[in-house]
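**Student:** Sharing a model prediction with you, sequence too.
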Amino acid sequence: MNFFKKIFSKEEKKKDLNKGLEKTSTSFMGKISRAIAGKSKVDIDTLDEIEEALITSDVGLETTVKIIERLEARVARDKYINAEELNSIMKDEIVSLLTDNRTEDVADFGVPTVKKPYVIMVVGVNGVGKTTSIGKLAYQFKNKGLSVVLGAADTFRAAAVDQLKIWADRNECHFYSKGMNTDPAAVAYETVKYAMDNDLDVAIVDTAGRLHTKMNLMRELSKIKRSIDKCLPGAPHEVMLVLDASTGQNAIEQCKHFSEATEVSAITMTKLDGTAKGGVVLGISDIFKIPIKYIGVGEKIEQLQVFNKREFVDSLFAE
């Protein structure tokens, strides 16, 4: 019985992924289809049109050039590639590119076996779905039998503290807060201390949604990170940057600034279901070499998924 439940769950996740990427796939595949329509082989003109399709799908110029170079190499090596083979080759090359960029498939939600607690520091600008992603992540961890505390280190907005508390209550997990207008670094420190004192598995620290143009605020993230390390040497074990896929190339700019402010080790891409700009996932992975770990493909609590390269690319190319 459990076996069939697992199969059903996997099928449901695949359906959610296809649905979540539907807007991007429709736009992307429409452009690719027009590029190869009526062609019996892949030539320079076809590659030029594919290049334009990739760029206009928010893959980004730098990453598009790499994909086109890989396709050109395959065409030169295999001598003759018809249009029907092109999709399969493109998928293989994009998966290969993601592999080169350190994105490793995560089998399921969970945390590495380290001395408890496993500490995740979450960063990102306001409006990208950061706190919601924390709530959804806590839900998945709880489903795996892990004990979790959410730390409200976004102390500048009462709504942020309240929203995180709602997610903690909803998931029946621990919550730590010192209220508004308190030192975020102190809240982060004490959240980790709380997790240690209560022998919890995971501590997730929410931080304020910084505007990446305000470098003095960005530097505060470094202060929070040092505070966590002071409480538990080696922590945070993960610095998770949350980005909104619907912002397209602006997400790349955000990733640049947050990477400069703190050592981002993983990325969550949200709101893929609300945009045709899902190609930005490829660009961000390629430019920054930061693994994409989770993706949001819908509003429901279970619609945060672990990122799987092949499944993502297959859905991207789904007709």
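**Tutor:** Cool, got the structure.
**Student:** When you work out contacts or count neighbours from here on, use the C-alpha atoms and nothing else.
**Tutor:** Will do.
**Student:** Tell me where the stretch 101-250 of the chain has strands.
**Tutor:** Along the stretch 101-250 of the chain, counting by DSSP state E, counting those that start in this stretch, strands occupy 118-123, 148-153, 174-176, 202-207, 238-244.
**Student:** so can I have CSV of the ones you listed showing distance to residue 129?
**Tutor:** Putting those into CSV (distance: least, CA to CA, whole Å) gives the following:
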stretch, distance to residue 129
strand 118-123, 11
strand 148-153, 15
strand 174-176, 19
strand 202-207, 12
strand 238-244, 7
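**Student:** Surely residue 293 forms part of a strand?
**Tutor:** Yes: with DSSP: H, G, I helix; E, B strand; the rest coil as the criterion, residue 293 is located in a strand.
**Student:** ok, how many other residues are close to it?
**Tutor:** Residues lying near residue 293 (other CA atoms under 10 Å) number 20.
**Student:** cool, and residue 230?
**Tutor:** Neighbours of residue 230 using other CA under 10 Å come to 12.
**Student:** And residue 89, how far from residue 31?
**Tutor:** 17 Å (CA to CA, to the nearest Å).
**Student:** Just want to know which of the two has more residues nearby.
**Tutor:** Using other CA under 10 Å as the criterion, residue 89 and residue 31 rank with residue 31 on top: 19 against 16.
**Student:** For the nearest residue to that one once chain neighbours are set aside, grab phi and psi.
**Tutor:** Spatial nearest neighbour of residue 31, chain neighbours left out: residue 53 (5.4 Å); criterion: CA to CA, 6 or more residues apart in numbering. Dihedral pair for residue 53: phi -60, psi -40, per degrees, to the nearest 10.
**Student:** give the contact list for residue 53.
**Tutor:** Residue 53 makes contacts with 28, 31, 32, as judged by CA atoms under 8 Å, 6 or more residues apart in numbering.
**Student:** ok, now residue 91?
**Tutor:** 313, 314, 317.
**Student:** Out of those, which comes closest to residue 225?
**Tutor:** residue 313 (33.9 Å; CA to CA).
**Student:** Might one say that that closest one is in contact with residue 95?
**Tutor:** Yes: contact criterion CA atoms under 8 Å: residue 313 and residue 95 qualify, at 7.0 Å.
**Student:** Good, wrapping up.
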